[in-house]
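Engineer: Build me a model from this:
(chains A and B)
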Protein chains: 2
Amino acid sequence: MQFPSKLIENAVLEMAKLPGIGKKTALRLVLNILKRDSKETESLAEALVKVRNEIRYCDECHNISDEPVCTICSSSKRETGIICVVEDAPDVLAIENTGQYLGRYHVLGGVIAPIEGIGPGELNIDSLIRRIEKSEGEIREVILALSPTMEGDTTGFYVTKKLKEYDIKVSVIARGVPIGGELEYTDEVTLGRSILGRRSYETSF
Amino acid sequence: MQFPSKLIENAVLEMAKLPGIGKKTALRLVLNILKRDSKETESLAEALVKVRNEIRYCDECHNISDEPVCTICSSSKRETGIICVVEDAPDVLAIENTGQYLGRYHVLGGVIAPIEGIGPGELNIDSLIRRIEKSEGEIREVILALSPTMEGDTTGFYVTKKLKEYDIKVSVIARGVPIGGELEYTDEVTLGRSILGRRSYETSF
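Structural biologist: Numbers count the residues shown, from 1 in each chain, chains lettered A, B, ... in the order given. Got it, this is the predicted structure:
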């Protein structure tokens, strides 16, 4: 692709580094920026630099936060006895948006992936154990909400093993046919799991 | 959508102002920015502000340019006798990428759209006339490469009328069935035009 200007080329190449943004999309965005007020572009640029440089992570759960302790960990309305273990910050957002969970979280910051050189030491697993020890029995359940992939399963297995010596119930989010999904198009592993994990009709709604 | 942090919310809302970027995509981009080196974000921000504040438009053809006169207008390799009239800078890029055109351009900066309050006076039509007068007969053809919409047609009609008093051939880019398009799915107006505008078999390749 040829660019009419070095400034445009530079902006397009920078934009195209973002995930899912190709050069064509980047060009469209940059040309749109040219049409808009320069103040708008300045506030976009400022917001991006600011979020990158000033973002903090909660000392308790490692979720994204503006304060040393995030709004979820510091909220008196959240149940303190349950911790939901997730891989990354977007997972917290996804679960929060369901409105079905009122406990707290623990963000591991990844999953165990030996090929990529990520071992348990790189994840926030020790701090999860410390939280449990510090709570002196208040935390009674840990929900593993990890992706149903090999890495997710490995990580779940490792965390469960670590939690064995504490009097804590470890549960895993349900895996099965997605709501609205068609049975005939569900892959056999999921369908098999949904049969193994069947629940009594009365408790399934 | 709930955000875990004001900084993130702000960055997401700013990003979502760009065309075709919804809040979900914006969030994905912002979360990716958090994972990347802060220098990368700074150079992205700088490139955007710079392109917005330092971009210039060619004095001759009004295309985007780093210099007072753009690379196309100042190139000695481009044919000086033909001007291709387009609506906006992306159209120049699109035609340049075909590699089929070696003349110069004239960017109108829009099309006549009375409903949006854009009359001929808002467009770079007078400067096109001045270019033609200044060339003292060197410019012998003007190609209208405007979108085949009502506004594009109106603008083409207006420009053609303005050019009547000069000894200039005015042509319009071919309209017809797109290459690779299927005949049965082509709309009737395009198909009708492609029959009216048929060419002798020998000259059509």
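Engineer: Can you name the residue of chain A that approaches chain B most closely?
Structural biologist: residue A:45 (3.6 Å; CB to the nearest CB). For glycine as for every other residue, the C-beta is placed from the backbone atoms N, C-alpha and C.
Engineer: In contact with that residue, which residues?
Structural biologist: B:44, B:45, B:46, B:48, B:49 (CB atoms under 8 Å, 6 or more residues apart in numbering or on different chains).
Engineer: what about residue A:84, is that helix, strand or coil?
Structural biologist: Assigned state for residue A:84: strand (three-state reduction, DSSP: H, G, I helix; E, B strand; the rest coil).
Engineer: Can you spell out which residues form a bridge with it?
Structural biologist: residue A:105, residue A:143 (DSSP bridges).
Engineer: Do I have it right that it meets residue A:98?
Structural biologist: No - assessed by CB atoms under 8 Å, residue A:84 is found out of contact with residue A:98, at 11.2 Å.
Engineer: so how many other residues sit close to residue A:54?
Structural biologist: The tally of other residues near residue A:54 (other CB atoms under 10 Å in any protein chain shown) stands at 10.
Engineer: Skipping its backbone neighbours, what lies nearest it in space?
Structural biologist: Nearest residue to residue A:54, sequence neighbours excluded (CB to CB, 6 or more residues apart in numbering or on different chains): residue B:7, at 5.9 Å.
Engineer: Next, residue A:169: phi, psi?
Structural biologist: Dihedral pair for residue A:169: phi -80, psi 130, per degrees, to the nearest 10.
Engineer: do residue A:102 as well
Structural biologist: phi -120, psi 10.
Engineer: Quick check: closest non-adjacent residue to it.
Structural biologist: Nearest-residue entry for residue A:102: residue A:79, 5.2 Å, with adjacent residues in sequence omitted and distances by CB to CB, 6+ apart.
Engineer: could you check the distance from the one you found over to residue B:76?
Structural biologist: For residue A:79, the distance to residue B:76 equals 75 Å [CB to CB, to the nearest Å].
Engineer: neighbour count winner among those two?
Structural biologist: Neighbours were counted for residue A:79 and for residue B:76 using other CB under 10 Å; residue A:79 has more, 12 against 5.
Engineer: quick one: pLDDT of that one?
Structural biologist: Residue A:79 is assigned a predicted lDDT (pLDDT) of 93.
Engineer: Quick check, it in contact with residue A:105.
Structural biologist: No - judged on CB under 8 Å, residue A:79 makes no contact with residue A:105 at a distance of 11.6 Å.
Engineer: Report the buried residues of the strand or helix carrying residue A:193.
Structural biologist: For residue A:193, the enclosing helix or strand under DSSP states H and E is helix A:188-196. For helix A:188-196, burial by neighbour count (16 or more other CB atoms under 10 Å in any protein chain shown) applies to A:193, A:194.
Engineer: CA atoms only for that helix, dumped as CSV, please.
Structural biologist: Extracted as CSV, the C-alpha positions of helix A:188-196 are listed here (Å, rounded to 0.1, in the frame of the first residue of the first chain):
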residue,chain,number,x,y,z
GLU,A,188,-18.7,-34.2,20.8
VAL,A,189,-16.4,-33.3,23.7
THR,A,190,-18.7,-30.6,25.0
LEU,A,191,-21.8,-32.7,24.4
GLY,A,192,-20.2,-35.7,26.2
ARG,A,193,-19.3,-33.5,29.2
SER,A,194,-22.8,-32.1,29.3
ILE,A,195,-24.2,-35.6,29.6
LEU,A,196,-21.7,-36.6,32.3
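Engineer: mean confidence score for it?
Structural biologist: Rounded mean pLDDT across helix A:188-196 is 83.
Engineer: Residues touching that helix, excluding its own?
Structural biologist: A:175, A:176, A:177, A:183, A:186.
Engineer: Please list all residues in contact with the residue nearest to residue A:102.
Structural biologist: Shown in contact with residue A:79 (CB under 8 Å, 6+ apart): A:102, A:103, A:104.
Engineer: Could you pull up phi and psi at it?
Structural biologist: The phi/psi pair for residue A:79 (degrees, to the nearest 10) is phi -70, psi 130.
Engineer: returning to that earlier point: where does the residue nearest to residue A:54 land on pLDDT?
Structural biologist: Looking at residue B:7, its pLDDT stands at 91.
Engineer: follow-up on the earlier one: as CSV, the contacts of residue A:79 with distance to residue A:157 would be great.
Structural biologist: Shown next, in CSV, are the contacts of residue A:79 (distance: CB to CB, whole Å):
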residue, distance to residue A:157
A:102, 27
A:103, 22
A:104, 22
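Engineer: From those, list the buried ones, please.
Structural biologist: By 16+ other CB under 10 Å, these give A:103, A:104 as buried.
Engineer: Take the contacts of residue A:79 and write them to a markdown table, including distance to residue B:59 and pLDDT.
Structural biologist: Putting the contacts of residue A:79 into a markdown table (distance: CB to CB, whole Å; pLDDT from 0 to 100) gives the following:
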| residue | distance to residue B:59 | pLDDT |
| --- | --- | --- |
| A:102 | 64 | 92 |
| A:103 | 65 | 94 |
| A:104 | 62 | 95 |
